[in-house]
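>>> Here is the input, now give the coordinates:
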Amino acid sequence: MDRKTESELFNQMADYYDKFRPGYPEETIRIIIERANLSHGSKVLEIGSGSGKATAQFADFDFEMLCIDPGEDLVK
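Numbers count the residues shown, from 1 in each chain. Now for the predicted structure:
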C-alpha cells in the first residue's frame, strides 16, 4: 500500500481516532517544549496534526500554532 492510500484510510477513521486515541503523556510535551526552548508566544508548526491531540496540549501553553494535515476529516 502506498503512502497516499494509507493517509486516506487514516482520514476515513477520523472519528474513531479522535474518540479512542489517548493524548500524549504530559511529560513528553514538557520535554519537547524544554528541548525546543519554547516559551509563551513561541510559534509552532505542527505537520501532521491529525485531529489535534498534541495541538491542544501545546496550545495550553499559549503558543501560536500553525497546524497542517492532509486529512480533511481529521482536521474537522
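>>> what about the strands in this structure?
For the chain, the strands defined by DSSP state E occupy 43-47, 64-68.
>>> Pull the residues that contact the last one.
Contact partners of strand 64-68, identified using C-beta atoms under 8 Å, 6 or more residues apart in numbering, comprise 41-49, 52, 55, 58-59. Every C-beta, even on glycine, is put in place using the N, C-alpha and C of the backbone.
>>> What pLDDT does the model give residue 7?
Turning to residue 7, the model gives it a pLDDT of 71.
>>> hmm, I was thinking of residue 72
So residue 72 comes in at 81 (pLDDT).
>>> cool, residue 10 as well?
The per-residue pLDDT reported for residue 10 equals 69.
>>> same for the helix or strand of the chain with the lowest mean pLDDT, what does it pack against?
Every helix and strand of the chain was ranked by mean pLDDT, DSSP states H and E. The lowest is helix 3-12, at a mean of 74. Using 3 or more C-beta pairs under 8 Å, 6 or more residues apart in numbering; DSSP states H and E, the elements in contact with helix 3-12 are helix 72-75.
>>> send the alpha carbons of the helix it packs on over as PDB?
The C-alpha trace of helix 72-75 is given here as PDB (Å, rounded to 0.1, in the frame of the first residue of the first chain):
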ATOM      1  CA  GLU A  72      -9.800  16.900   5.800                       C
ATOM      2  CA  ASP A  73     -11.900  14.800   8.100                       C
ATOM      3  CA  LEU A  74      -9.100  14.700  10.800                       C
ATOM      4  CA  VAL A  75      -8.900  18.500  10.700                       C
END
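>>> Cool, thanks, signing off.
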